[in-house]
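Chemist: No sequence on hand, only this structure:
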């Protein structure tokens, strides 16, 4: 008889623990992290005439609602005119019509449609829109002690970037590497 009582008490304790964790989960599950150029960095790099170049977007913002949220989502908006490399020739060319065409398309955006937990972070899929052209993009967002990081490539030709002056990627690499270093601070 005592064995049944002990098992019953153990089962009750277990159910109480599960109930407590479940009650806390909604408070944890719906946290949105807002990041921007003020506390984080979004950069890009490639090759021009055999030489490496790199730059950053000086104006952007992103909201990350990550699992276990019921509706995880990442949205990011960035001002294309804020792309800076530190090289006058590149910085004056990027806003032009053949490249980012900031007069007609001042903003780029990324909106996720799927975020899944993987070892070390999250697999993120969604649409990246540049120059009013949207293409699917998937990357891994690695979780780190102080934030998140990601590195992935985009094909500039897929976004009609630089196709008038260099359609065959003879001068500027077709593949542009994107890098993100995002702080966790809210």
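Modeler: Cool, the structure landed. Since we're looking at a predicted model, the values are computed, not measured.
Chemist: Report the beta-bridge partner residues of residue 177.
Modeler: residue 45, residue 153 (DSSP bridges).
Chemist: Please shift the residue numbers so they start at 544 in all later answers.
Modeler: All set: I'll call the first residue 544, so the last point we hit is now residue 720.
Chemist: How about the contacts made by it?
Modeler: 587-589, 694-696 (Cβ atoms under 8 Å, 6 or more residues apart in numbering). Where you see a C-beta, it was placed from the backbone N, CA and C, and this is true even at glycine.
Chemist: next one: residue 626
Modeler: Contacts of residue 626 (Cβ under 8 Å, 6+ apart): 587, 598-601, 634, 637-638, 643.
Chemist: As a markdown table, the contacts of residue 720 with neighbour count and distance to residue 622 would be great.
Modeler: Compiled in a markdown table, the contacts of residue 720 are given as follows (neighbours: other Cβ atoms under 10 Å; distance: Cβ to Cβ, whole Å):
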| residue | neighbour count | distance to residue 622 |
| --- | --- | --- |
| 587 | 18 | 14 |
| 588 | 17 | 19 |
| 589 | 20 | 20 |
| 694 | 14 | 22 |
| 695 | 16 | 20 |
| 696 | 14 | 22 |
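Chemist: any idea which of the residues you listed is closest to residue 615?
Modeler: Closest approach between the contacts of residue 720 and residue 615, by Cβ to Cβ: residue 695, at 18.5 Å.
Chemist: these two touch, right, that closest one and residue 679?
Modeler: No - here residue 695 lies out of contact with residue 679, judged by Cβ atoms under 8 Å, at a distance of 11.9 Å.
Chemist: Quick one: the helices in this protein, in order.
Modeler: 545-572, 631-636 (DSSP state H).
Chemist: least reliable of those going by mean pLDDT?
Modeler: With a mean of 45, helix 545-572 has the lowest mean pLDDT of these.
Chemist: quick revisit: want to throw the contacts of residue 720 into JSON lines with distance to residue 649 and pLDDT?
Modeler: Below are the contacts of residue 720 laid out as JSON lines (distance: Cβ to Cβ, whole Å; pLDDT from 0 to 100):
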{"residue": "587", "distance to residue 649": "17", "pLDDT": "97"}
{"residue": "588", "distance to residue 649": "22", "pLDDT": "97"}
{"residue": "589", "distance to residue 649": "22", "pLDDT": "96"}
{"residue": "694", "distance to residue 649": "26", "pLDDT": "97"}
{"residue": "695", "distance to residue 649": "23", "pLDDT": "97"}
{"residue": "696", "distance to residue 649": "24", "pLDDT": "98"}
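Chemist: returning to that earlier point: in strands, which of the contacts of residue 626 appear?
Modeler: Secondary structure assignment by DSSP state E places 587, 598-600 of the contacts of residue 626 in strands.
Chemist: Domain map for this structure?
Modeler: Listed by automatic domain parsing, the domain ranges of the chain are 544-572, 574-726.
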